[in-house]
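1. Structural data only, the sequence is not supplied:
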């Protein structure tokens, strides 16, 4: 297989570490550039002692010219805002960019309200492909800029889109309740994500107004043409990894749990990373840990006229590093499953 | 203060243990009978090694005549079904019963569908007072049988009732997303609540159909006269204690977060165990740990027309043993706060 | 009871928070001054949202003159080094000081090597009483300066001293293996104590050279006149609270587990906070959580000629705030158990 | 590569699940028989929902004749006692057996005292190779019966043997303090390993008398010819995976941390799964999670004349399933690292 010279930017963070780990096993994407902001100059082994194979590799500055000169494919795990500032120069120099941040997921008009900044490169933004491979995989081949989805948006869109498209659930307001482990908050130490604050803590945050809200709405619209309104309430629970989203939508008359389940199963038949649970089972984030899998299920409650759609992923893999690699695989015409684990390290 | 001879039934379980612990500090309720089913014959210290003060006390059989002969006040922390079978004999023998199970919370007609049995004593059921002191405290004085509320129902009813009563939220379907630690599942060992299965696990269970659903509906109707339909989806998270409920209701036109907050604050002004959070703060189950406190907050999202009402409690205290004692205090004309902690052991 | 005006310095930290919480229930020690360094100016409720009773109280600067003017008794939960700098001025102004730091536990000569500074006030250091009440309680009445012991030193000294004094174990090297939850590292956020780094982590730190090493040696010498050499290896485990120390000493010829157990039981007969486990039981830090209790046990292994002495405490209570209050109770001639919990919030 | 038909016995347990997961990626060992006791008749996916690739495979009875007829290589993850009863029949029928239990690790004479049974097949016991590949790898080629070491014994023997052999530490008593996550206790639910009992619990168990004690002594003797006496005290900490052993041995005169470190580094130079930490670093079980790695370090404390030797592994991989596969690789002349992960899923 052809070797594609690859950069990982934001290599010192959790998603960056997972990108490096997963790319160790990739037959085509060869890591040639590890970029970092404040950690530049350190060895990879100093910031990620568990990554022993490339321990001596040096983290390099975020220099777009150098990155573009040495690599063909860039995974950017930089923070929101930082990615938008850096990506255009690399694209113009000819690299392909898979952006894990939120900087290329929304129309330019949405950035001031939801992300707090004017988007610096609306022209590139228009060319970005929203990289949810199970729904938009056919747009990815040859893409230059892929916006890899947010960890909460992934299970919400994958869970609701088939049901919305089939008219099994209503397109009015969908209430989305999110639960996440602390790794979604990034690696920087804070009192909120200390062990002492987190053990035995269950708490909501940023309700309403979380920036994944418009992403969920837009993803559902892209996939179905319908335009539901989303209310999203994320909660922190005492786990490192794992996102579970529970969506509450209007159940259309006469629709059963079986019908919902069949619609999900049909939509994702043959897909490597989707496990649709039969009635009786219940999704569990722990079973997706360390993998690129998503577990989905849908339940009808005719009594209250509600459909409950639940999804579970590992936020650092299907919600970040793994999905980015899945996108890059499709951009390059490879099997989407290349180098991506499906079996959890359990328990 | 007069000594009231007190029994704790189901003393070997988690709620039973908390009843014994909290009653150690009570000036009037003196524990004279520790009842247990399969653990009868053991010393309390053998089943609860942390309860050193009464370590030598023997767990006795669940004999209604003996219990009624030796005590005036019975806290029953027996399982659903077992309580209904035992309580009438004790009531007829003259004791007052505070039932922590679900056996006296619903109309008799609801038991077959939601609890799976015909209620054995509908006459006593009609006399049971639903013991949510902040809403129904004035019905408790002198009550003979108190149905102490469920752990999930408590924050849902306390959070939504004032807003429903004030017409700030709609009375159509309310979506309730619950998160709980494993102690709510009781003390019996099972693979589902083992450490290996629970750490890093986030998962829904019993959706739809959890038996707290009709309790929430009935409690809200009792408190407000309105009859919302509830869809309830509980989730297990990796914690021992703590329940957080997040309710999604229709926000009436023009209602703000401030209006919701004021309605909650006004409803519970001066109450010992309710902390209403100002906008900006966020409830946290950890801050209620070890206490009889409830944290409440309500947030308006006019964009989606949704009110989000969040509540957090310690499920074994405000959701079980503590609220039962609070109820018994009011039955006996004592200050509701007697012997109940308000300050968490944190972190 | 006479009201003793009390200050808590370092009120924004974990031990400071526990001091305030426990003093809420004290009949004599009335908190009048909350001192803090960088948090001065904040309300107590802003730094400890769970402490709702004194939520509005302002944290004040660490001004010795003001503290001495307004209070009679000072609990100093300031960091090592900061206490030594501040305490003399308060003592000279007439207050009694209970110091929770390590600044008054060793001879002056030991500070450069073990704490990295020259002790600024060796004269006061000579007057400090080492406050391990179960061994040195009779020296506390009327003391002006009490050095409250370290969290690791407490179970080691209490566990080994009676056996050493009775000649049941040898006085040569004792190997001490410590396990602790993260709260012992204090409240400041760091990557090492983040939830992401701590869950599923078991790791030693500061081996050899931890500053509790000479404290263990000196405490044992003070208690027994014998001079064992200690090697101490602390380990971090995924818990918030809890210290367990496992000591390995030479077992004298013919000594049995029963003899060791009896020696411990006899040494602490009638003491409020010591639970000596019979052979068959095993200490558990969880059973001491939220209490001032210590669990102790000792086991003989004649096969290898080793005595294993294990102790468990809540590091923030018997290892810090609770023991400090126990010391202050004895300084003031009160029952040592005043305001100190003995029953754990379990599970 | 030639296909070797492989059986996994005890497939429903934690080690069995890990064997199946790791063998999914093995180029030669093809799983053909999944054996289980009480779970026989179930599908693999019913007992291990995360193992989706072989989900439909049926668990079969523990029938030696059937196993020997259908497979060449047997991994037995059966409990102590059960393995000894079943293994001889399979060996006599021609299969190779890698036994993960303790049933073939000791001389026959030791079984009554340490395992509580007379060994049923001492003749086979004499032929068993103790499978610690880094020390005894050259004995494995072509072995018929391999006793894969215990999780605690692995880091103790690997850590101490080179130092003992080089005369850097004394051969008198070695004190071994073990810390382990709960998965080492197996999958069967019990109150001791429930989430409610385990979170915030730190506790010793089976001190003295744990059956890994003679295994440590024998392994060290096999490797070095010296015969130290071991006192072993295991502790349970709130983790799922991870074993850390801390060994305290007599430090020979003049030996430095650098000398200890060099001896370890030299002993394991070029080995795929050993990471020796330089002074300054500290081992962490979390960095080995999901891998077959062992982290080792050794520290000198001349002050107390003690050497501290610390080792960390994932108890289910290097301490069980991974090491068993490593052994089987060497038995079959393959690279020992075949199909075994070295990079942790972190955090």
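-> Everything's here; your move. What you are looking at is a predicted structure, and each value in this text was computed from that prediction instead of being measured.
2. wait, what's in contact with the closest residue in space to residue A:191 that isn't next to it in sequence?
-> Excluding its sequence neighbours, the residue lying closest to residue A:191 (CB to CB, 6 or more residues apart in numbering or on different chains) is residue C:189, at 4.9 Å. In this view, the C-beta of every residue, glycine as well, is placed from N, C-alpha and C. Shown in contact with residue C:189 (CB atoms under 8 Å, 6 or more residues apart in numbering or on different chains): A:189-191, A:193-194.
3. you'd agree residue C:189 is in a strand?
-> No: using DSSP: H, G, I helix; E, B strand; the rest coil, the assignment for residue C:189 is coil, not a strand.
4. Give me the distance between it and chain B.
-> Residue C:189 sits 12 Å away from chain B, going by CB to the nearest CB, to the nearest Å.
5. What score does that residue have for pLDDT?
-> According to the prediction, residue C:189 has pLDDT 94.
6. again with residue A:171
-> With respect to pLDDT, residue A:171 scores 89.
7. Now do the SS call for it.
-> Following three-state DSSP, the label given to residue A:171 is coil.
8. Now do the contacts for it.
-> A:164, A:226-228 are the contacts of residue A:171 under CB under 8 Å, 6+ apart.
9. Phi first, then psi, for it.
-> Per-residue torsions, residue A:171: phi -100, psi 10 (degrees, to the nearest 10).
10. Could you measure from it over to residue A:178?
-> 20 Å (CB to CB, to the nearest Å).
11. Tell me the spacing between the residue nearest to residue A:191 and residue C:80.
-> Separation of residue C:189 from residue C:80 (CB to CB) stands at 19 Å.
12. returning to that earlier point: just the ones of the contacts of residue A:171 in helices?
-> residue A:164 (DSSP state H).
13. Please check the contacts of residue A:171 and keep the buried ones.
-> Taking 16 or more other CB atoms under 10 Å in any protein chain shown as the criterion, what is buried in these is A:164, A:226, A:228.
14. Show me which residues of the stretch 201-347 of chain A sit near chain C.
-> Counting by CB under 8 Å from any CB of the partner chain, the positions of the stretch 201-347 of chain A adjacent to chain C are A:238-240.
15. Just send these back as CSV, with distance to residue C:199 and pLDDT too.
-> Shown next, in CSV, are those (distance: CB to CB, whole Å; pLDDT from 0 to 100):
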residue, distance to residue C:199, pLDDT
A:238, 8, 98
A:239, 8, 98
A:240, 5, 98
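16. top of these by neighbour count?
-> The most crowded member of those, judged by other CB atoms under 10 Å in any protein chain shown, is residue A:239 (30 neighbours).
17. that older thread, now the buried ones among the contacts of residue A:171 as JSON lines including distance to residue B:12?
-> Formatted as JSON lines, those follow (distance: CB to CB, whole Å):
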{"residue": "A:164", "distance to residue B:12": "49"}
{"residue": "A:226", "distance to residue B:12": "54"}
{"residue": "A:228", "distance to residue B:12": "49"}
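18. what's the closest of those residues to residue A:253?
-> residue A:164 (15.7 Å; CB to CB).
19. re earlier: now intersect the residues of the stretch 201-347 of chain A next to chain C with the helices, please.
-> Counting by DSSP H, no part of those is found in helices.
20. follow-up on the earlier one: check the contacts of residue A:171 one by one and keep those near chain B.
-> For chain B, no contacts are drawn from these by CB under 8 Å from any CB.
21. Could you work out the most separated pair of the contacts of residue A:171?
-> Using CB to CB, the pair of these lying farthest apart is A:164 and A:227, separated by 9.9 Å.
22. tell me, how many neighbours does residue A:137 end up with?
-> Residues near residue A:137, counting by other CB under 10 Å, number 16.
23. which residues touch the residue nearest to it when sequence neighbours are not counted?
-> Nearest residue to residue A:137 in three dimensions, chain neighbours excluded: residue A:330, at 5.5 Å (CB to CB, 6+ apart). With contact set as CB under 8 Å, 6+ apart, residue A:330 has these partners: A:133, A:137, A:140-141, A:336.
24. Out of those residues, which end up buried?
-> Neighbour-count burial (16+ other CB under 10 Å) is assigned, among these, to A:133, A:137, A:140, A:336.
25. so which of those residues comes closest to chain D?
-> Nearest to chain D, judged by CB to the nearest CB, of those is residue A:336 at 16.7 Å.
26. Is residue A:30 in contact with residue A:7, as I believe?
-> No: using CB atoms under 8 Å, residue A:30 makes no contact with residue A:7, being 10.5 Å away.
27. In terms of packing, which of those two has more residues around it?
-> residue A:7 (27 against 14).
28. give me every residue that touches residue A:279.
-> Contacts of residue A:279 by CB under 8 Å, 6+ apart are A:257-258, A:261, A:297, A:299.
29. what about burial for the residues you listed, which qualify?
-> Buried among the contacts of residue A:279 (16+ other CB under 10 Å): A:257, A:261, A:297, A:299.
30. Now do the same for the residue in the stretch 1-150 of chain A positioned nearest to chain B: helix, strand or coil?
-> Proximity of the stretch 1-150 of chain A to chain B (CB to the nearest CB) peaks at residue A:113, 10.4 Å away. Following three-state DSSP, residue A:113 is assigned to helix.
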